[in-house]
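A.B. asks: here is my input; please provide its structure:
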Amino acid sequence: MTLVIGSLQLGFLYGILALGIYVTFRILNIPDLTAEGSFTLGLAASAVCTLAGHPVAGIVAAAVAGALAGCVTGVLQTKMGIHAVLAGILTMCGLYTINLIVMGSSPNISLINVPTIFKAAESLGLSKEAARLVIAIAAAAVCLVLLILFFRTHLGLCIRATGDNEAMVSASSINVDAMKITALAFSNALVAVSGGLIAQYQGFADVNSGSGMLVVGLASVIIGEVIVGKRGLEIGFFSSIFGSIIYRYIIAAATKSQIFPAYALKLVSARIVAAALALPAIRYQMGLSKMKRTRERDMYEQ
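C.D. replies: All right, here's what the predicted structure looks like:
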């Protein structure tokens, strides 16, 4: 039961990461590698503020720090003409040092026995697991609602149009560069918020925590789309969180089964993403094979 509840809690918390990945991966069609650095940046900012006695301010600081990281990547892409993948890599590499600076040159920070937003929820009379689940659901719900409302505004619609047809948007006198920078800032703010919440959830921050977060986010988005399907932007946001929950249960099942050793978690994640990415192509090939068999049968009957 603890494994089931814990996976659900992490599913909602990492669902916020998946929302951020969805913005760049599906709306802008940009592979943004900044996520691995901005996740740790949010983690570090939240941990430092929490250690100072301001856990709520830590989440806000994480969001601001993540947005700034996204802006840096956006400027590298749009103003300096650097390829999207390389721009993300450059920002991610630079953030490693920034994260160490934020954490006071220490590779990790312990938050054991330090007041967090989860412990604040416990003070309301909730059990430890219930408090964690309530905060995780509330945080994911707030981010989901804000994201849906944002993409219904004029600015949000311009960003969506930029992802659909950049040339048309540019011809409509909309600043494409500004749209990309805004979207990257918004995306990485969500990723950093996820990191900030995870820091308070697990009770520590480590400078290497962001490793593999892009794979986690992509897995969540793709698994959600495979199960729910591509049915519009709002459904896409919901499916990202749902995919994050399913992904957590898959990882929990793989870990519990002891088929794979603990150090093989990254390999398991990569295989899950590969399988999810390949599924549409497999379905397409199966459909073609079915059509071919049907055609051959009809010809034989004639």
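
A.B. asks: tell me who's in contact with L144.
C.D. replies: L19, F237, F238, I241 (CB atoms under 8 Å, 6 or more residues apart in numbering). Glycine gets a C-beta too; all of them are placed from N, C-alpha and C.

A.B. asks: wait, T73 touches I30, no?
C.D. replies: No: here T73 does not reach I30: they are 9.2 Å apart, not a contact under CB atoms under 8 Å.

A.B. asks: which of the two has more neighbours?
C.D. replies: Using other CB atoms under 10 Å, the more surrounded residue of T73 and I30 is T73, with 32 against 22.

A.B. asks: quick revisit: what sits in contact with each of T73 and I30?
C.D. replies: In contact with both T73 and I30: L184, using CB under 8 Å, 6+ apart.

A.B. asks: okay, now L33: neighbour count?
C.D. replies: Neighbourhood size, L33 [other CB under 10 Å]: 20.

A.B. asks: what of T24?
C.D. replies: Using other CB under 10 Å, T24 has 28 other residues around it.

A.B. asks: what pLDDT is listed against it?
C.D. replies: With respect to pLDDT, T24 scores 92.

A.B. asks: so who does it touch?
C.D. replies: Going by CB under 8 Å, 6+ apart, the list of residues near T24 reads I30, P31, D32, A183, L184, S187.

A.B. asks: so the third one touches A84, yeah?
C.D. replies: Yes: with the criterion set as CB under 8 Å, D32 and A84 qualify as a contacting pair; they are 7.0 Å apart.

A.B. asks: quick one: residues contacting T162.
C.D. replies: So T162 contacts L28, V169, I174, V176, M179, K180, A183 (CB under 8 Å, 6+ apart).

A.B. asks: show me which of the residues you listed are buried.
C.D. replies: Neighbour counting by 16 or more other CB atoms under 10 Å classes L28, V169, V176, M179, K180, A183 among these as buried.

A.B. asks: how much space between the last one and L147?
C.D. replies: Summarising the geometry, the distance separating A183 from L147, computed by CB to CB, to the nearest Å, is 11 Å.

A.B. asks: what do you get for A121?
C.D. replies: Counting by CB to CB - A121 and L147 are separated by 23 Å.

A.B. asks: so those two - more neighbours on which side?
C.D. replies: Higher neighbour count among A121 and L147: L147, with 23 against 19, using other CB under 10 Å.

A.B. asks: just the buried positions in the helix or strand containing the more buried one, please.
C.D. replies: If you go by DSSP states H and E, L147 is part of helix 128-150. Across helix 128-150, burial judged by 16+ other CB under 10 Å covers A131, R132, L133, V134, I135, A136, I137, A139, A140, C143, L144, L147.

A.B. asks: and stretch 97-116, by the same measure?
C.D. replies: So for stretch 97-116, counting by 16+ other CB under 10 Å, buried means I98, N99, V102, M103, I109, L111, V114, T116.
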